[in-house]
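Peer 1: this one's structure only:
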């Protein structure tokens, strides 16, 4: 039987990304990062070499490639996630294994997200980064971000059933347009499960269609990645030129707190892989080093999703049914690094605004961080929007987000890299736990795989 071209290994789908990696794209991006900082200092208010109006014009044009890069990534996030999840589900020929993968993913994500939030809160309470910020000027600074706060209240017990039902998209197209990623994932999961329940021959055309959609999305991502060095150069230049080095220096303890927490979370992921994963830590880091550097440079889980799929499936030898399901799912749902950031940032702002937090507040922060991280966009800056939801619930002025905007880009890069490491660790754990069922999976014939049709 002639093989279907869309079922070839993802290394063929990601051939263009391969050439970018071989061209040391990550090195170009890191060089652009350094140049952006230097250029931002030259244009910034600290040296005063240029008038503010001139600086604004220059940085706006320099940031244009970055805006185009983000627009291209956001444009293909929805089709790439849908195609990958549907194909990952529909190509699995063992429904029992699929249930086990889902259970493993649920336990892994809930545990690591709760642990990450607790780490962020604990470090912030220990290091007290908010005490290093002078009280004067905080009010004026807060007005800059007042419009960015979302007045989202934590649902009451009576409202939870309605909230749960609202997660199912009544209009999938509307959810795609508005970027409601959790609803999009649920729609893709239902569609993939439905394809499993009909004869493989009937589902094959739709399966091929999603294969073509995945291929096209990867191609668009590869085009966007060509802009990555210019994007990072422009965005970092605009950041440093706008806020100045003094503001960044004043936030150094806060940045150190979050980065230290992310390092602890990364070590937790590696410990989980060592105990419950299918790979040695050295092997995992060897194959993912360029992936993590690219995730750090682009601040987008979606941008590196094709490369994550390729590395997990081809380099780490994780079964396609696992990788193609968990990587797109993890890029949107597995946001432990973002949850850690929310916990640390909430305690930091509480210290700045002198808001007392009790045990109930801490429980609320953890609950909201876990809930809000699910379905957040896999694009840069999503953490700020989610954080505003948490702040409102514990009585902290959401306008304090303005204090974080100057360093959010740097922290976003760090937590994205840790989130991507978590996705790979989840795939390794799922591969290990399903290894014992490999023989049963290969002989199961209760339902034929669409991929085998």
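Peer 2: Looks like it came in fine. Just so it is clear, the structure is predicted and the values come from calculations on it, not from any experiment. Numbers count the residues shown, from 1 in each chain.
Peer 1: for the chain, what helix or strand is lowest in average pLDDT?
Peer 2: helix 138-142 (a mean of 45; mean pLDDT, DSSP states H and E).
Peer 1: How far off centre is stretch 423-439?
Peer 2: Per C-alpha atoms, centre = their mean, to the nearest Å, the displacement of stretch 423-439 from the mean C-alpha position of its chain is 21 Å.
Peer 1: I'd like the average pLDDT over that stretch.
Peer 2: Mean per-residue pLDDT for stretch 423-439: 80.
Peer 1: same question, stretch 33-47
Peer 2: For stretch 33-47, the per-residue pLDDT averages 82.
Peer 1: Give me the buried positions along that stretch.
Peer 2: 33, 36, 37, 39, 40, 41, 43, 44, 45 (16 or more other C-beta atoms under 10 Å). Every residue, glycine included, has its C-beta placed from N, CA and C.
Peer 1: And the residues you listed, which is closest to residue 422?
Peer 2: Distances from residue 422 to the buried residues of stretch 33-47, taken as C-beta to C-beta, are shortest for residue 33 (22.9 Å).
Peer 1: any weak-confidence spans in the stretch 51-200 of the chain?
Peer 2: 88-95, 97, 133-160, 163-164, 167, 179-182 (pLDDT under 70).
Peer 1: Helices of that one, residue ranges please.
Peer 2: Here the stretch 51-200 of the chain has its helices, by DSSP state H, counting those that start in this stretch, at 52-62, 64-90, 95-127, 138-142, 160-166, 172-178, 181-196, 200-226.
Peer 1: Highest mean neighbour count out of these?
Peer 2: helix 64-90 (a mean of 22; mean count of other C-beta atoms under 10 Å).
Peer 1: Tell me what angle the helix or strand harbouring residue 422 forms with helix 95-127.
Peer 2: Element membership of residue 422 [criterion: DSSP states H and E] is helix 402-434. Relative orientation of helix 402-434 versus helix 95-127 (axes from the mean of the first three to the mean of the last three C-alpha atoms, to 10 degrees): 140 degrees.
Peer 1: Off-centre distance for helix 402-434?
Peer 2: On C-alpha atoms, centre = their mean, the centre of helix 402-434 falls 6 Å from the chain's centre.
Peer 1: so which of the helices of the stretch 51-200 of the chain gets nearest residue 260?
Peer 2: Judging the helices of the stretch 51-200 of the chain by C-beta to C-beta, what sits closest to residue 260 is helix 95-127, at 6.0 Å.
Peer 1: What segments of the stretch 251-400 of the chain are helices?
Peer 2: 252-276, 281-298, 305-310, 320-333, 336-352, 359-373, 382-393.
Peer 1: and the fourth one, how far out from the chain's middle?
Peer 2: By that I understand helix 320-333. The answer for helix 320-333 is 12 Å, by C-alpha atoms, centre = their mean.
Peer 1: Which secondary structure elements does it sit against?
Peer 2: helix 64-90, helix 95-127, helix 181-196, helix 305-310, helix 402-434 (3 or more C-beta pairs under 8 Å, 6 or more residues apart in numbering; DSSP states H and E).
Peer 1: Kindly reformat those as CSV containing distance to residue 251.
Peer 2: As requested, the helices and strands packed on helix 320-333 are arranged in CSV below (distance: least, C-beta to C-beta, whole Å):
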stretch, distance to residue 251
helix 64-90, 22
helix 95-127, 13
helix 181-196, 29
helix 305-310, 30
helix 402-434, 5
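Peer 1: Which one of those helices lies nearest to residue 359?
Peer 2: Nearest of the helices and strands packed on helix 320-333 (C-beta to C-beta): helix 95-127, 11.2 Å.
Peer 1: Which neighbouring elements make contact with that closest one?
Peer 2: With 3+ C-beta pairs under 8 Å, 6+ apart as the test, helix 95-127 has helix 252-276, helix 320-333, helix 336-352, helix 359-373, helix 402-434 packed against it.
Peer 1: okay, now residue 343: neighbour count?
Peer 2: 29 (other C-beta atoms under 10 Å).
Peer 1: what's the closest non-adjacent residue to it?
Peer 2: Once flanking residues are discounted, residue 343 sits nearest to residue 120: 3.2 Å by C-beta to C-beta, 6 or more residues apart in numbering.
Peer 1: tell me the angle the helix holding residue 422 makes with helix 281-298.
Peer 2: Going by the same axes, to 10 degrees, helix 402-434 makes 150 degrees with helix 281-298.
Peer 1: Begin at 393, not 1, for the rest of this chat.
Peer 2: From this message on, residue numbering opens at 393, which makes the last subject helix 794-826.
Peer 1: And residue 777, what's its pLDDT?
Peer 2: pLDDT, residue 777: 56.
Peer 1: for residue 393, same thing?
Peer 2: Model confidence at residue 393 (pLDDT) stands at 43.
Peer 1: Then the one 4 residues further on?
Peer 2: Confidence per residue is given as pLDDT, and for residue 397 that number is 45.
Peer 1: Hmm, residue 673 and residue 666 touching each other?
Peer 2: Yes - the criterion here is C-beta atoms under 8 Å, and residue 666 meets it with residue 673 at 5.6 Å.
Peer 1: about what we covered before: turn the helices of the stretch 443-592 of the chain into TSV, columns for distance to residue 695.
Peer 2: As requested, the helices of the stretch 443-592 of the chain are exported to TSV (distance: least, C-beta to C-beta, whole Å):
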stretch	distance to residue 695
helix 444-454	20
helix 456-482	5
helix 487-519	21
helix 530-534	31
helix 552-558	29
helix 564-570	19
helix 573-588	15
helix 592-618	6
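Peer 1: if we compare the ones you listed, which one ends up closest to residue 644?
Peer 2: Nearest of the helices of the stretch 443-592 of the chain (C-beta to C-beta): helix 487-519, 11.4 Å.
Peer 1: what residue ranges in the stretch 643-792 of the chain are flagged as low confidence?
Peer 2: 763-778, 780-782, 784-785, 790-792.
Peer 1: got the angle for the helix holding residue 814 vs helix 644-668?
Peer 2: 0 degrees.
Peer 1: how much does helix 794-826 deviate in direction from helix 751-765?
Peer 2: Going by the same axes, to 10 degrees, helix 794-826 makes 70 degrees with helix 751-765.
Peer 1: still on that earlier bit, of the helices of the stretch 443-592 of the chain, which is nearest residue 677?
Peer 2: Using C-beta to C-beta, those put helix 487-519 closest to residue 677, at 18.0 Å.
Peer 1: how far does that closest one sit from the chain's center?
Peer 2: The answer for helix 487-519 is 14 Å, by C-alpha atoms, centre = their mean.
Peer 1: likewise stretch 579-590?
Peer 2: On C-alpha atoms, centre = their mean, the centre of stretch 579-590 falls 25 Å from that of its chain.
Peer 1: what sits against the closest residue to residue 695 other than its chain neighbours?
Peer 2: Distances taken as C-beta to C-beta, 6+ apart put residue 465 closest to residue 695, at 5.1 Å, once the chain neighbours are dropped. Contacts for residue 465 (C-beta atoms under 8 Å, 6 or more residues apart in numbering) come out as 613, 616, 690, 692, 694, 695, 771.
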